[in-house]
Each structure stands twice: as C-alpha cells, then as structure tokens.
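In: No letters, just coordinates:
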DNA sequence: AGTATTGTATTACAGTTGTAGTCAAAAAGA
DNA sequence: TCTTTTTGACTACAACTGTAATACAATACT
C-alpha cells in the first residue's frame, strides 16, 4: 500500500465529482459512475470516461482490467485528498492559518447559531493529547 | 462603486500572489509589484507583468493610465475574494459545510492547543444577532 | 543627436481542464 | 452469420495557466 505521506496529485474540479462517486463505493465500472452522476451533473458519458481516464493517468484512481469491463477505484482516501487540498487552499487564500478563515466565516454570519454551537462542542470535546 | 454582490471573477494561483501585493498597498506600479515579489517568488519581471495584465483583463484589478507609468489597484476587496473562493472550495471539497472541514482539522491535530482556545473564544464572543 | 534603458503591447508555447467525438474490437441480439 | 450496441483507445479543441520573449515607443543618459 501507498505510503500515507506521499503527495496527492492535483485533482481538478470536475475530477473531484468523479472521485466523490468512487469514494462512496468502489470498485465501480465507468457505467456505474456515469449513472451515479446522472441528474447530478449534466455530463455526457464520454466526458465522465475521460475524467476517469485522467484520474488513472494521474495516479489518483486505479483500474482493474481483469474483466472485460474495467472497474475503477480510488488510490487515495478522501480524507487524504481533502487535507491536501485544504492545506494548499488555506495557504494560498488565507496565508496559511485556519483561524483566519474561520474568523471570517464567523464574522460574516455565514454560520448559523446552530452550527456555531456544534463547532463549540467539537472544540470542547477535543481531548488534550499528550504525545 | 461596484455592487458588493457582484460575482468575483476567478483568480488563479499565481494571480493571487499578485493580488496579495496589491491588497497590501495600492495603487502600485508594475515595478513596485515586481519588487515586492522579489525573493518571494522566483518570477521574471515579464511574468509579473503578464499576471497584472490578465488581472486587468479579467476585471479583478484596475489600471490608471493617466501617468506614463501605469498604476494598478484591486477592484475587489480581499475579503470578498476570500469569501468567494472559500465558498466554492468548501462546496467542492467538503460538500458545502464549514463544519465538516473544521472537524477534520480538529481531528487531525492540525490545530494547536492554543489555536483551539482562540477559536473557542472567537465563537463565544460572537454575539447572537437578531435580524 | 545618438544610444541605452525602461515601460507597454503583443506574441509564444506547452500543460491542464472542460467537454466531448471518432474508430475499432468485442459482445449481444436478430 | 450479419447487425447493432458496448467498451475501450485515441483524438480534438478551445480556454485558462504558468512562464516568459520580442517589438516598439518614450525617456534618460552621454
């Protein structure tokens, strides 16, 4: 298995949609993926296929060619990918600190009363770890 | 002045670096910007110039041509741009909820004890608004 | 005045992304 | 078996990005 610290290749916006489908369930055939995206995105089958192929080329997804109809699966966990994206995003947009982003969200009332309460409890429940 | 609810054009990664310079101080000549980026990014002067021109084309920055040497300035506040980016980012990566992102950060120990305390107080100080 | 410098305008060029289309082989149906 | 449908392989093509270079006009220097 891959080393968890390996760098995640960059995943484009459209590719994320496809990966989200693979993360929900895998392996899946191209057709499964196409079906999952029906109604969600207005893409032609070929478009989805191209995206899958690109994900494989990039090494973000894997493909099993044992059967005649190939099946695809993620090579990175959603968590890893989210973290990687979030890190580069926050660095780029907020100069690197999560705090400054959250402050903005809070000050702009983008968060509901309810969400704020939830966040508080999440923060409270976080046990102090000793490493 | 622009309507604050107008959509912010998309700003590429390299363009963000340039905008950050303009947000710190403006207006600035191309040369000012180039100088600010020296040591920070390893870009040729022409590259920075191209980025400035593109920002103007996109309508993210403005240019004053009164003087022989043009000066550039932002057309959107940093805040607006950050918010726009953050919204699309969170939708794309975290299915739209700030909470899920924060949960991940907290659970992965990406936040220091100190940062967590700060976040808590920010959340606490948030006055309940009545609209 | 002639030359070097500087700022602006235009052009370049490859890689990524969005969004498919074409072609051929294999399978399924008539 | 002949035909239609599926799959997979390869190709297309424009917009956006990163990363400049070239051409030209206005200044500045000698």
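Out: Okay, I see it. Since the structure is predicted, the reported quantities are computational estimates derived from the model, not experimental observations.
In: residue ranges of the helices in chain A, please?
Out: A:13-24, A:30-37, A:45-58, A:78-94, A:98-107, A:113-125 (DSSP state H).
In: Kindly reformat the ones you listed as TSV containing distance to DNA strand C, mean neighbour count and mean pLDDT.
Out: To be clear about C-beta, it is placed using only N, CA and C from the backbone, and glycine gets the same treatment. Converted to TSV, those look like this (distance: least, C-beta to the nearest atom of the strand, whole Å; neighbours: other C-beta atoms under 10 Å in any protein chain shown; pLDDT from 0 to 100):
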stretch	distance to DNA strand C	mean neighbour count	mean pLDDT
helix A:13-24	3	19	97
helix A:30-37	11	18	97
helix A:45-58	4	17	98
helix A:78-94	11	17	93
helix A:98-107	22	18	83
helix A:113-125	28	14	85
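In: For residue B:4, find the nearest of those.
Out: helix A:98-107 (15.2 Å; C-beta to C-beta).
In: Could you tell me the angle between the closest one and helix A:113-125?
Out: 150 degrees (axes from the mean of the first three to the mean of the last three C-alpha atoms, to 10 degrees).
In: Show me what helix A:98-107 is in contact with.
Out: Outside helix A:98-107, the residues within contact range by C-beta atoms under 8 Å, 6 or more residues apart in numbering or on different chains are A:90, A:93-94, A:111, A:116, B:79, B:82-83, B:86, B:98, B:102, B:105, B:110-111, B:115, B:118-119, B:122-123, B:126.
In: 6 Å instead?
Out: The set of residues external to helix A:98-107 that reach it, using C-beta atoms under 6 Å, 6 or more residues apart in numbering or on different chains, is A:94, A:111, B:98, B:105, B:115, B:118, B:122, B:126.
In: Can you tell me which of the helices of chain A is nearest to residue B:50?
Out: helix A:78-94 (19.1 Å).
In: any bit of the closest one sitting next to DNA strand D?
Out: No. Helix A:78-94 lies out of reach of DNA strand D by C-beta under 7 Å from any atom of the strand, never closer than 9.4 Å.
In: what do you get for stretch A:44-63?
Out: Yes. Interface with DNA strand D: stretch A:44-63 contributes A:46, A:49, A:50, A:53 (C-beta under 7 Å from any atom of the strand).
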